[in-house]
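Enquirer: Next comes the sequence, and after it the predicted model I'd like to discuss.
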Amino acid sequence: MADDAVGLELVVEPWIAGLWVALNQEFASRKEDKNTSFCANKFSNLSIGLQAERLKTEDSGVKNHLSSKENINSELPTENFQPSLSFSGSSLSKATLNIPALPPEYLEVQFEESCVQNGSLPYISENSIFRVPITKAIQLTRDDAVKKTLLIELDISETTFNYQPGDDFNIICPNDALEVDELLDILGLLGKKDHFVCLRVKEGTKKRGATVPQYVPDNSTVKFIFTWCLEIRAVPKKAFLRSLVNYTTDISEKRRLQELCSKQGSLDYNSFIRDPTVTLLDLLRVFLTCKPPLSLLIEHLPKLQARPYSVASSTLFHPGKMHFIFNILEFPSHLGELRRGVCTGWLADLVAPVLQVNQKSKEFFSAQINIMSRPSNVFHLPDNPSVPFIMVGPGTGIAPFIGFLQHRQKLREKHPDYKFGETWLFFGCRHKARDYLFQDELRFFLENGVLTYLIVCFSRDVPAVAETTPPKYVQDNLRLHCKEISRILLQEKGYFYVCGDAKNMAKDVTETLVEVFTIEKGVDKLDALKILATLREEKRYFQDIWA
């Protein structure tokens, strides 16, 4: 029930507070039960007792229940300030705060100038990591497209790495070098960036089951840890903010951090930290006297995760090669400045010197990246080639379907006597002239019969005829072809694949499919949902979606 990204206090505490009210109301309504008032009072006393115990908790001389005398910001002219990351509103600045207990520290760090460096990446096994060269990079979109989409080709011929169309794989990427250096500078660790770090559990720690994180290899340098091991862009949890209070010297900054991690400051935490995805570096830029030690950061920052990508090729079509595509992600920081995605920004920089725009590039062997296998057990072509299937993949969601069609092309060439079922692709993008990915390839597959139907929509193009309203999104085209979809899925036992954005597109496609069943089968929504559930159970409805 609780959201692990922000801690228990955002969800559990309000739920518990409502629990006592609900229990008291329930017991009070049973007037005929003589014991009701006794039980209700017991629950009420238990609530008060738990709150009292929480308020008694002390750590480092700071009480969980702050007195009004400690309310530093109440003396500031807060009415002249809009609430922000660094300033609270007048009501919160004068509030008595309930802050979480201080998490026990459990790691000790020792710096050594010389050591035998491990140098291994923080992943399960060296055998699972493949270092492969980039052999091609192509920009698939025009420069004036809303998003820049790149295709990268990897040479896997000298490895045992293998894949099927529809598989994903992981890329091991580093944190941004400039962000790492700035973070080290603020923390006073820039002069020790090449020092080796020895970690051990602090003697006498009160943390249960304390261990050194496995994702920090032995004898790693400070810079290696910040570059390859820690997710420095992770949104700090409230427990982390509570720990940072003890390493902040300015009284007003301490107070603001206490507000942000308090029960009373939950709205501010959501508005100024969680929603704008504020990072540790963002915090340290604002709270200038906050200087946490390396040990605390290793305790609270999560592991830097490898990033998954969909394969956009077939080994039958490109022997010894693997393609993938991605948008260079850009999103605003809490100050409004654009920030690139950790992995996509790094990849874009790697291939920038040799990037070709909308044309085949000459092969080159320059940069290398580390990848790991991430095979799919379900998102594959039907075993029986005669089974028809429908593919829905707007934007970069088309990636696995390019692999499907390449594979199908080679199967048709190899087995001309086979019967192949219908293939439908529903694709969408913003502008036909700017970001229609794989337009030439799709036309080729359509002309040679590998792709039976190609249904495309452009969400931001102005219609040629003002009176017409063409479909804008893939789900609009699904509605227009509801009879064919129903026939393929319900009569011919075909497959349905969706790839792309989970937040909007995938949800809308699912709802549209329910509409299709409602209309074509003449059933209500509940029965249509049961039909969809049956497709899932029969492993004929597949999703490869991301947040």
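Expert: That came through fine.

Enquirer: ok but Ser271 is inside a strand, no?
Expert: No. The assignment for Ser271, made by DSSP: H, G, I helix; E, B strand; the rest coil, is helix rather than a strand.

Enquirer: name the element the nearest residue to it once chain neighbours are set aside belongs to?
Expert: Distances taken as Cβ to Cβ, 6 or more residues apart in numbering place Pro83 nearest to Ser271, at 7.5 Å, with adjacent residues excluded. (Each C-beta comes from the backbone N, C-alpha and C, glycine too.) Pro83 is part of no helix or strand when elements are defined by DSSP states H and E.

Enquirer: Verify the stated contact: Pro83 with Ser91.
Expert: No. Contact criterion Cβ atoms under 8 Å: Pro83 and Ser91 do not qualify, at 9.7 Å.

Enquirer: which regions of the stretch 51-200 of the chain sit below the pLDDT cut-off?
Expert: 51-81, 115-127 (pLDDT under 70).

Enquirer: what ranges do the helices span in it?
Expert: Taking DSSP state H, counting those that start in this stretch as the test, the helices found in the stretch 51-200 of the chain are 90-93, 177-186.

Enquirer: burial count for Glu231?
Expert: When neighbours are counted by other Cβ atoms under 10 Å, Glu231 registers 16.

Enquirer: now stretch 414-429: mean pLDDT?
Expert: For stretch 414-429, mean pLDDT is 97.

Enquirer: again but with stretch 312-324, I slipped
Expert: 98.

Enquirer: Now it - C-alpha only, PDB.
Expert: Extracted C-alpha coordinates of stretch 312-324, given in PDB (Å, rounded to 0.1, in the frame of the first residue of the first chain):
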ATOM      1  CA  ALA A 312      14.800  -3.300 -33.300                       C
ATOM      2  CA  SER A 313      16.300  -6.000 -35.600                       C
ATOM      3  CA  SER A 314      16.500  -9.700 -36.500                       C
ATOM      4  CA  THR A 315      19.700 -11.700 -36.600                       C
ATOM      5  CA  LEU A 316      18.400 -13.300 -39.800                       C
ATOM      6  CA  PHE A 317      18.200  -9.900 -41.400                       C
ATOM      7  CA  HIS A 318      21.400  -8.500 -39.800                       C
ATOM      8  CA  PRO A 319      23.700 -11.400 -38.800                       C
ATOM      9  CA  GLY A 320      26.000 -10.500 -36.000                       C
ATOM     10  CA  LYS A 321      24.400  -7.100 -35.500                       C
ATOM     11  CA  MET A 322      21.800  -5.700 -33.100                       C
ATOM     12  CA  HIS A 323      19.800  -2.500 -33.600                       C
ATOM     13  CA  PHE A 324      17.900  -0.300 -31.100                       C
END
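
Enquirer: Make a markdown table from the helices of the stretch 51-200 of the chain and add distance to Gln110 to it.
Expert: Formatted as a markdown table, these follow (distance: least, Cβ to Cβ, whole Å):
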| stretch | distance to Gln110 |
| --- | --- |
| helix 90-93 | 41 |
| helix 177-186 | 18 |
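
Enquirer: Distance to Leu304 and mean neighbour count for those - can I get that in JSON lines?
Expert: JSON lines is the format used below for the helices of the stretch 51-200 of the chain (distance: least, Cβ to Cβ, whole Å; neighbours: other Cβ atoms under 10 Å):
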{"stretch": "helix 90-93", "distance to Leu304": "34", "mean neighbour count": "18"}
{"stretch": "helix 177-186", "distance to Leu304": "11", "mean neighbour count": "16"}
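
Enquirer: residue boundaries of the strands in the stretch 51-200 of the chain?
Expert: 58-59, 62-63, 107-112, 129-139, 149-155, 168-172, 196-201 (DSSP state E, counting those that start in this stretch).

Enquirer: Show the residue spans covered by the strands in the stretch 251-400 of the chain.
Expert: Taking DSSP E, counting those that start in this stretch as the test, the strands found in the stretch 251-400 of the chain are 307-310, 321-327, 330-332, 338-340, 356-357, 368-374, 389-392.

Enquirer: List the buried residues of the fourth one.
Expert: Using 16 or more other Cβ atoms under 10 Å as the test for burial, strand 338-340 gives Arg339.

Enquirer: Could you list every helix and strand in contact with that strand?
Expert: strand 330-332 (3 or more Cβ pairs under 8 Å, 6 or more residues apart in numbering; DSSP states H and E).

Enquirer: State the mean pLDDT of the strand it packs on.
Expert: Strand 330-332 carries an average pLDDT of 90.

Enquirer: Could you spell out the sheet neighbours of it, each with its direction?
Expert: Strand 330-332 has the following strand partners under DSSP bridges: strand 338-340 (antiparallel).

Enquirer: who touches the strand it pairs with?
Expert: Asp176, Ile328, Leu329, Glu330, Phe331, Pro332, Ser333, Ala348 (Cβ atoms under 8 Å, 6 or more residues apart in numbering).

Enquirer: contacting residues for the residue nearest to Ser271?
Expert: Going by Cβ under 8 Å, 6+ apart, Pro83 touches Gly89, Leu92, Asp268, Ser271, Phe272.

Enquirer: same thing but 10 Å
Expert: Taking Cβ atoms under 10 Å, 6 or more residues apart in numbering, we find Pro83 in contact with Gly89, Ser90, Ser91, Leu92, Ser93, Glu259, Leu267, Asp268, Ser271, Phe272.

Enquirer: for Cys499, same thing?
Expert: Cys499 sits next to 166, 310, 379, 391-401, 505-506, 542-546 when contact means Cβ under 10 Å, 6+ apart.

Enquirer: Filter the residues you listed down to just the buried residues.
Expert: Buried among the contacts of Cys499 by 16+ other Cβ under 10 Å: 166, 310, 379, 391-401, 505-506, 542-544, 546.

Enquirer: How is the chain divided into domains?
Expert: As given by the TED database, the domain ranges for the chain are 107-113+175-300, 129-172+306-373, 389-545.

Enquirer: Lys414 versus Asp282, what's the distance?
Expert: To Lys414, Asp282 is 55 Å away according to Cβ to Cβ, to the nearest Å.

Enquirer: of these two, who's got more company?
Expert: For the pair Asp282 and Lys414, the greater number of neighbours falls to Asp282 (21 against 9), based on other Cβ under 10 Å.

Enquirer: related to what we said a few turns ago, now the strands of the stretch 251-400 of the chain in JSON lines, with distance to Leu513?
Expert: Formatted as JSON lines, the strands of the stretch 251-400 of the chain follow (distance: least, Cβ to Cβ, whole Å):
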{"stretch": "strand 307-310", "distance to Leu513": "21"}
{"stretch": "strand 321-327", "distance to Leu513": "26"}
{"stretch": "strand 330-332", "distance to Leu513": "30"}
{"stretch": "strand 338-340", "distance to Leu513": "35"}
{"stretch": "strand 356-357", "distance to Leu513": "37"}
{"stretch": "strand 368-374", "distance to Leu513": "27"}
{"stretch": "strand 389-392", "distance to Leu513": "9"}
